[in-house]
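Engineer: I need the structure of the sequence given here:
(2 chains)
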There are 2 protein chains.
Amino acid sequence: MIKFFEKDPYAPIQYAYDVERVLHKSKSNFQEIMVIENPHFGKMLILDGVVQLTERDEFFYHEMLVHVVMHAHPNPKRVAVIGGGDGGAIREILKHDSVEKVYFIEIDEDVINVSKKFFPTFSCGIEDRRVEIKCMNGAEFVKGRDGDIDVIVVDSTDIIGFAKSLFTVEFFKSVRDSLTGEGMFVTLSESLLFHRDMIVEVQEAMKRIFPLVALYTTTIATYAGNWWTFSAASMKHDLRQIRREPKINTKYYSDEIHQQAFLPPKMYEKLMQKRLEW
Amino acid sequence: MIKFFEKDPYAPIQYAYDVERVLHKSKSNFQEIMVIENPHFGKMLILDGVVQLTERDEFFYHEMLVHVVMHAHPNPKRVAVIGGGDGGAIREILKHDSVEKVYFIEIDEDVINVSKKFFPTFSCGIEDRRVEIKCMNGAEFVKGRDGDIDVIVVDSTDIIGFAKSLFTVEFFKSVRDSLTGEGMFVTLSESLLFHRDMIVEVQEAMKRIFPLVALYTTTIATYAGNWWTFSAASMKHDLRQIRREPKINTKYYSDEIHQQAFLPPKMYEKLMQKRLEW
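Structural biologist: Numbers count the residues shown, from 1 in each chain, chains lettered A, B, ... in the order given. As a prediction, this is how the structure comes out:
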């Protein structure tokens, strides 16, 4: 069997996947894009040698990225997704009937096109009339906007390389100014096992900008470190509280997962004091 | 850099670790025993090609294996550990002042000796006067015992090969008969991501034997599937409730982790109905 060895400079374990077929390989203006087929995970999207998504387990990531803020917000109508060219986050957002408009801001058009071809179950929402695609840098999109967006979701590659601009105090300020008074924001923030210091940095930067900040986690087998974190912020409402009934169809997210996903207070405090000894 | 590729027939991702040094390699009557040194995880114990423990992250496993039942039990005095030749579970059990006697039942004496030599931070409790080592099959140890043990902990290799005898209805019956009326039992039960059906089987078998059964989880980066489960059973008391103050020194386990670790009820129900779609 042919093997794909992941190239993640920040992971102390290297993951190897069986490759049934290499379905696609190209180089965009931003990154190397590859699609392989694996007997267990199905089709896998790989950017610059790092696994982004697999058909089998993408729902853990997309559901948890999107539905926590979408259920904590009382009435999310206008949403922006920055990154997420595969379309998975868009698909989850469109499950909420309240949504009237989704700005889909992806810097790399090639990722959208590859996803449309190979991952129709991810990209199925992209053609929805409520979605407006803008192929541009997310940091530019939020710069100088009026506060007219209810929820902003950052669905980027890892916090290295060109995605770095989406994790600065400057960017968080623009995000805040783009949100309504009840607005919410969420971004991935790497692994609690392997990237504690990065998480603390992101949380500290967000705390300087947003009134309420929280950290929640899920387990994802195909991301290095597995114990994956999301950093969320809110202008007004507590992120732990569910404000609308979860009537949507999900495989993992639920009201009880919403509650249990947040880092317990004492553990969070230890993390922020850099006293988690692992 | 030399690489070690894990050989786990039940894992759809193969893990590879950098090897700084191979410190030990031998064959016991039961398995191949290897110790390597990795730049991130420190020394690693590998049995039959599968990573058992690493110096850096063993505490997630040992603390969660031991401290949930040890804190749910009102007064654990007599404890038995089946397996766990490295000594990590013993070390954690001895942190509880109530403990008067620990039966340490390890089938493979070579694992104890290798651990004493290479993992002194794991095996430090083995020489304690309260510990009685018996090199024998755990299934034999519990057979025909009077109900005189407060807590029984199974710390075995994966549920394949010779550890299989520790996951049968027969074995669970002997465990029950070995426990006092307030007794508790805990065993590893593989990954919620990769081995759902195995978990359901273990839970079903335990439910036929014990009055109270529960499932809880933790994340462990070096175990395939990462989202690791423990199956616990109790003769009388609810396992979720902490009955003694957690005064002991731990890196991960805490009262709030004790509460959050249990599978939420609706998710547990879905699991047992085999409706978790992943």
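
Engineer: export stretch A:261-278 as CSV, just CAs?
Structural biologist: The C-alpha trace of stretch A:261-278 is given here as CSV (Å, rounded to 0.1, in the frame of the first residue of the first chain):
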residue,chain,number,x,y,z
ALA,A,261,-17.2,21.3,25.5
PHE,A,262,-16.0,24.4,27.4
LEU,A,263,-12.8,24.1,29.4
PRO,A,264,-13.7,23.8,33.1
PRO,A,265,-12.9,27.0,35.0
LYS,A,266,-10.0,25.8,37.2
MET,A,267,-8.4,24.1,34.2
TYR,A,268,-8.8,27.2,32.1
GLU,A,269,-7.1,29.3,34.8
LYS,A,270,-4.2,26.8,35.0
LEU,A,271,-3.8,27.0,31.3
MET,A,272,-3.7,30.8,31.2
GLN,A,273,-1.2,30.8,34.0
LYS,A,274,0.9,28.3,31.9
ARG,A,275,0.7,25.9,34.8
LEU,A,276,-0.6,22.9,32.8
GLU,A,277,2.4,20.6,33.1
TRP,A,278,2.4,18.6,29.9
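
Engineer: If you count neighbours, what's buried in that stretch?
Structural biologist: A:Ala261, A:Phe262, A:Leu263, A:Met267, A:Tyr268, A:Lys270, A:Leu271, A:Met272, A:Leu276 (16 or more other C-beta atoms under 10 Å in any protein chain shown). C-betas here are computed from N, CA, C, even on glycine.

Engineer: what do you get for stretch A:104-124?
Structural biologist: Result for stretch A:104-124 [16+ other C-beta under 10 Å]: buried residues A:104-108, A:110-112, A:114-116, A:118-119, A:122-123.

Engineer: Could you list the residues in contact with it?
Structural biologist: Contacts with stretch A:104-124, where a contact means C-beta atoms under 8 Å, 6 or more residues apart in numbering or on different chains, come from A:23-24, A:26, A:28-31, A:33, A:35, A:43, A:45, A:47, A:53, A:55, A:58, A:80-88, A:90-91, A:126, A:131-138, A:141, A:162.

Engineer: repeat that with 7 Å
Structural biologist: For stretch A:104-124, the surrounding residues in contact (C-beta atoms under 7 Å, 6 or more residues apart in numbering or on different chains) are A:23-24, A:26, A:28, A:30-31, A:33, A:35, A:43, A:45, A:53, A:55, A:58, A:80-88, A:90-91, A:126, A:131-138, A:141.

Engineer: Let's see which of the residues you listed end up in strands.
Structural biologist: A:23-24, A:26, A:33, A:35, A:43, A:45, A:53, A:80-83, A:131-134 (DSSP state E).

Engineer: In contact with A:Glu127, which residues?
Structural biologist: Applying C-beta under 7 Å, 6+ apart, no residues qualify as near A:Glu127.

Engineer: measure it to A:Val111 for me?
Structural biologist: 16 Å (C-beta to C-beta, to the nearest Å).

Engineer: Then A:Tyr253?
Structural biologist: Applying C-beta to C-beta to A:Tyr253 and A:Val111 gives a distance of 24 Å.

Engineer: for A:Val22, same thing?
Structural biologist: Counting by C-beta to C-beta, the separation of A:Val22 from A:Val111 is 17 Å.

Engineer: Enumerate the residues of the stretch 101-250 of chain A near chain B.
Structural biologist: A:Leu193, A:Thr219, A:Ala221, A:Gly225, A:Asn226, A:Trp227 (C-beta under 7 Å from any C-beta of the partner chain).

Engineer: Inside helices: which ones of those?
Structural biologist: Per DSSP state H, helices hold no members of those.

Engineer: and those, which two are the farthest apart?
Structural biologist: Pairwise distances across these (C-beta to C-beta) peak at 12.9 Å, for the pair A:Leu193 and A:Ala221.

Engineer: what about the residue of the stretch 51-200 of chain A found nearest chain B, neighbour count?
Structural biologist: Chain B sits closest to A:Leu193 of the stretch 51-200 of chain A, with a gap of 4.9 Å, by C-beta to the nearest C-beta. When neighbours are defined as other C-beta atoms under 10 Å in any protein chain shown, A:Leu193 has 25 of them.

Engineer: Next up, the contacts around it.
Structural biologist: A:Leu193 neighbours (C-beta under 7 Å, 6+ apart): A:Gly225, A:Asn226, A:Trp227, A:Trp278, B:Thr219, B:Ala221.

Engineer: export those to CSV and tack on pLDDT and distance to A:Met198?
Structural biologist: Shown next, in CSV, are these (pLDDT from 0 to 100; distance: C-beta to C-beta, whole Å):
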residue, pLDDT, distance to A:Met198
A:Gly225, 89, 11
A:Asn226, 93, 15
A:Trp227, 95, 13
A:Trp278, 87, 15
B:Thr219, 96, 17
B:Ala221, 94, 16
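
Engineer: quick one, strands of chain A?
Structural biologist: Taking DSSP E, the strands of chain A run over residues A:2-5, A:14-19, A:21-27, A:32-38, A:42-47, A:50-54, A:78-83, A:101-105, A:131-134, A:149-155, A:179-191, A:212-219, A:227-234.

Engineer: Looking at those, which is nearest to B:Glu201?
Structural biologist: Proximity to B:Glu201, assessed across the strands of chain A by C-beta to C-beta, is greatest for strand A:212-219 (21.3 Å).

Engineer: Which residues outside the closest one are in contact with it?
Structural biologist: So strand A:212-219 is contacted by A:60, A:64, A:68, A:192, A:199, A:203, A:206-207, A:226-234, A:238-239, A:261-263, A:268, B:193, B:219, B:226-227 (C-beta under 7 Å, 6+ apart).

Engineer: go with 8 Å
Structural biologist: Contacts of strand A:212-219 (C-beta under 8 Å, 6+ apart): A:60-61, A:64, A:68, A:189, A:192, A:199, A:203, A:206-207, A:226-240, A:252, A:261-263, A:268, A:271, B:192-193, B:219, B:226-227.

Engineer: again, but for stretch A:23-41
Structural biologist: A:4, A:17-22, A:43-49, A:54-57, A:107-111, A:114, A:117-118, A:157, A:162, A:222, B:12.

Engineer: the domain parsing of chain A - what is it?
Structural biologist: A:2-54, A:58-272 (automatic domain parsing).

Engineer: Pick the most buried one from these.
Structural biologist: Mean neighbour count, computed with mean count of other C-beta atoms under 10 Å in any protein chain shown, is highest for domain A:58-272 among these, reaching a mean of 20.

Engineer: can you give me the end-to-end distance of that domain?
Structural biologist: From its first residue to its last, domain A:58-272 covers 29 Å (C-alpha to C-alpha, to the nearest Å).

Engineer: packing partners for the longest helix seen in chain A?
Structural biologist: Longest helix in chain A, counting residues (DSSP H): helix A:58-72. The contact analysis (3 or more C-beta pairs under 8 Å, 6 or more residues apart in numbering or on different chains; DSSP states H and E) places helix A:58-72 against helix A:88-93, strand A:149-155, strand A:179-191, strand A:212-219, strand A:227-234, helix A:255-261.

Engineer: from the middle of its chain, how far away would that helix be?
Structural biologist: Distance of helix A:58-72 from its chain centroid, counting by C-alpha atoms, centre = their mean, to the nearest Å, is 8 Å.

Engineer: Now A:Tyr61. Nearest residue, chain neighbours left out?
Structural biologist: Spatial nearest neighbour of A:Tyr61, excluding adjacent residues (C-beta to C-beta, 6 or more residues apart in numbering or on different chains): A:Ile220 at 5.6 Å.

Engineer: The one you found and A:Phe230, how far apart?
Structural biologist: A:Ile220 is 11 Å from A:Phe230, by C-beta to C-beta.

Engineer: What residues does A:Leu166 make contact with?
Structural biologist: By C-beta under 8 Å, 6+ apart, the contact list for A:Leu166 reads A:Ile82, A:Gly83, A:Gly138, A:Ala139, A:Val154, A:Ser156, A:Thr187.
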